[in-house]
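Visitor: Kindly return the folded structure for what I paste below:
(one chain, ligands or ions: 1)
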Amino acid sequence: MYCVRKVQDDLYYVGGNDHRLALFENIFPIPRGVTYNSYLLLDKKTVLFDSVDWSIAKEYLRNVEEVLAGRELDYMVIHHMEPDHAGAIDEIVLRYPNVKIISSEQGFQIMRQIGYHVKDEQSIIVKEGDTISFGKHEFLFLEAPMVHWPEVILSFDTTTGTLFSADAFGSFGALDGKLFNDEVNFERDWLDDARRYYTNIVGKYGPFVEDVLKKASTVDIKMICPLHGPVWRTDIAWFIDKYIHWATYEPEEEGVMIAYASMYGNTEYAAQALASALCERGMTNVVVYDVSNTDVSQLISETFRLSHLVLASVTYNLGIYPKMKNFLVDLEALNVQNRTVALIENGSWACTVGDKMEEYMDENLRMFDILNERVTLNTSLNEANENDMNALADSIIESMKKIREIKEKSAE
Ligand SMILES: Cc1cc2nc3c(=O)[nH]c(=O)nc-3n(C[C@H](O)[C@H](O)[C@H](O)COP(=O)(O)O)c2cc1C
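Guide: The predicted structure is shown next:
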């Protein structure tokens, strides 16, 4: 008995789950775990696609041995050299010394930098458009720089229409037996984690992802085998459409995220008052997050999802509250663009935070449309703020209407 799944007649999943890791890349919380995917093809030649993180190497090596069932391993394709996929290369080379490694030139360079013992005579460098036949299956290799490292390649099995997509189309979350997207309720249980994975890890490189999507549109994809999360065999166009939105920084939905920074609850109250005012006006696609206890990766992910962002912050020693500043810095780092933003500021003696946030966005963020209707609180929300708060809610609704009209016109 061993832990593998059949993907196709002669293709097996030999990767595994990791529930022990708390922080992916030592930064992103993964309460639902993660998988390190690897696939093994039993054609005339045997071909292993990527390895796994060292933490599950023992299980992986056992899976490979069991599926090979005494056959030699002829090839190993390395799409991506990040250690969560490349961690067991040396073990494979030690166990199967005649294996030939297929990767990009930069892939081999990084392999040498890490110190793996891959000899030149067992290395096969592939470039964009190269093909290799393993028997029945012919593979086309495509370069995918910066999705999510510079050395990344994808491979496409032209015989079965299977795209081995490296980190693209991946997701946080452990599979726990299920393997295919149609064995889980992806939209309900996985989409948020897939978005959080993409936006925080590859989100910065939208134009590079667009290039890959263009290449992908020239081949007939019937299955996608990514390096994390479920294998896609249905609804592929639906998932590609999500990627088109994320890569082009187009919101998926009309809606509002209110992110607030509050020490004693007054700014929080104002954030909730705005949420209620929006719902009263019929806009119920509203989410409210406390920047102090929401991981910034979740704030980023929700910013990619929704069209409107409200930042509500206290003034902190004449500046932006550090947790809110951290969110702004991350928005900049991940190249997030094309959003409508509104501001609520709070101060008890010298309220500067609204101007500071606006200044930061003007200088560092692209295509952030900041609404004029700012709400300024003097410690707490009171009657004096009522008109401004209503004006802010109206302005958000009005801007949604305008964006809708522009879209409708451009669709005509
Ligand atoms: C450490 C600290 C520093 C603050 N610095 C300023 C400041 O520089 N200017 C200002 O107007 N208010 C300042 N405040 C007040 C807050 O901006 C805010 O008005 C107050 O905390 C109420 O909001 P809250 O209930 O949402 O925390 C400060 C408060 C604290 C605790």
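
Visitor: By mean pLDDT, flag the weakest helix or strand of the chain.
Guide: Least confident helix or strand, the chain: strand 366-370 with a mean of 88, by mean pLDDT, DSSP states H and E.

Visitor: Show me which positions of that strand end up buried.
Guide: By 16 or more other C-beta atoms under 10 Å, the buried positions in strand 366-370 come out as 368, 370. From N, CA and C alone the C-beta is placed, and that goes for glycine too.

Visitor: Then stretch 41-59?
Guide: With burial defined by 16+ other C-beta under 10 Å, the residues of stretch 41-59 counted as buried are 41-43, 45-54, 56-57, 59.

Visitor: now do stretch 151-161
Guide: Result for stretch 151-161 [16+ other C-beta under 10 Å]: buried residues 151-157, 160.

Visitor: burial count for the residue lying closest to Arg32 once chain neighbours are set aside?
Guide: Using C-beta to C-beta, 6 or more residues apart in numbering and skipping the chain neighbours, the partner closest in space to Arg32 is Gly173 (4.4 Å). Using other C-beta atoms under 10 Å, Gly173 has 25 neighbouring residues.

Visitor: Please give the element, helix or strand, for Gly173.
Guide: Using DSSP states H and E, Gly173 falls within no helix or strand.

Visitor: chain center to stretch 182-192: distance?
Guide: 15 Å (C-alpha atoms, centre = their mean, to the nearest Å).

Visitor: now for it, what's the gap between its first and last residues?
Guide: End-to-end distance for stretch 182-192: 17 Å, by C-alpha to C-alpha, to the nearest Å.

Visitor: re earlier: run me through the strand neighbours of the least confident helix or strand of the chain, direction for each.
Guide: Strand pairing for strand 366-370, determined by DSSP bridges: strand 337-347 (parallel).

Visitor: could you dump the partner strand to CSV, C-alpha only?
Guide: Only the C-alpha atoms of strand 337-347 are listed here, as CSV (Å, rounded to 0.1, in the frame of the first residue of the first chain):
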residue,chain,number,x,y,z
GLN,A,337,-3.2,48.7,-9.6
ASN,A,338,-6.5,49.9,-11.0
ARG,A,339,-8.6,50.3,-7.9
THR,A,340,-10.9,53.0,-6.5
VAL,A,341,-9.9,54.1,-3.0
ALA,A,342,-11.7,56.1,-0.3
LEU,A,343,-10.2,57.3,3.0
ILE,A,344,-11.3,57.7,6.6
GLU,A,345,-8.8,59.3,8.9
ASN,A,346,-8.8,59.7,12.7
GLY,A,347,-6.7,62.0,14.9
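
Visitor: Does that strand reach the ligand?
Guide: Yes. Judged by C-beta under 6 Å from any ligand atom, strand 337-347 comes into contact with the ligand through 346-347.

Visitor: Please apply the same query to stretch 296-314.
Guide: Yes. Counting by C-beta under 6 Å from any ligand atom, the ligand is contacted by stretch 296-314 at Val314.

Visitor: Next secondary structure element downstream of the least confident helix or strand of the chain?
Guide: Next helix or strand after strand 366-370 toward the C-terminus (DSSP H and E): strand 375-378.

Visitor: List the buried residues of that following strand.
Guide: So for strand 375-378, counting by 16+ other C-beta under 10 Å, buried means 375, 377.

Visitor: ok, which pair from the buried residues of stretch 41-59 is furthest apart?
Guide: Farthest pair in the buried residues of stretch 41-59 (C-beta to C-beta) is Asp43 and Trp54. Separation: 27.9 Å.

Visitor: which residues sit in contact with the residue nearest to Gln106 when sequence neighbours are not counted?
Guide: Distance criterion C-beta to C-beta, 6+ apart; nearest residue to Gln106, sequence neighbours excluded, is Glu151 at 3.6 Å. Glu151 sits next to 80-81, 103-107, 109-110, 145 when contact means C-beta atoms under 8 Å, 6 or more residues apart in numbering.

Visitor: re earlier: can you put the buried residues of stretch 151-161 in JSON lines and add secondary structure, pLDDT and distance to the ligand?
Guide: Shown next, in JSON lines, are the buried residues of stretch 151-161 (DSSP: H, G, I helix; E, B strand; the rest coil; pLDDT from 0 to 100; distance: C-beta to the nearest ligand atom, whole Å):
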{"residue": "Glu151", "secondary structure": "coil", "pLDDT": "96", "distance to the ligand": "46"}
{"residue": "Val152", "secondary structure": "coil", "pLDDT": "97", "distance to the ligand": "44"}
{"residue": "Ile153", "secondary structure": "strand", "pLDDT": "97", "distance to the ligand": "50"}
{"residue": "Leu154", "secondary structure": "strand", "pLDDT": "96", "distance to the ligand": "48"}
{"residue": "Ser155", "secondary structure": "strand", "pLDDT": "97", "distance to the ligand": "52"}
{"residue": "Phe156", "secondary structure": "strand", "pLDDT": "97", "distance to the ligand": "53"}
{"residue": "Asp157", "secondary structure": "strand", "pLDDT": "98", "distance to the ligand": "56"}
{"residue": "Thr160", "secondary structure": "coil", "pLDDT": "98", "distance to the ligand": "57"}
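
Visitor: what's the average pLDDT for stretch 15-28?
Guide: When pLDDT is averaged over stretch 15-28, the result is 98.

Visitor: For beta bridges, what are the partners of the residue lying closest to Val314 once chain neighbours are set aside?
Guide: Spatial nearest neighbour of Val314, chain neighbours left out: Asn346 (4.7 Å); criterion: C-beta to C-beta, 6+ apart. Under DSSP bridges, the beta-bridge partners of Asn346 are Val314, Leu377.
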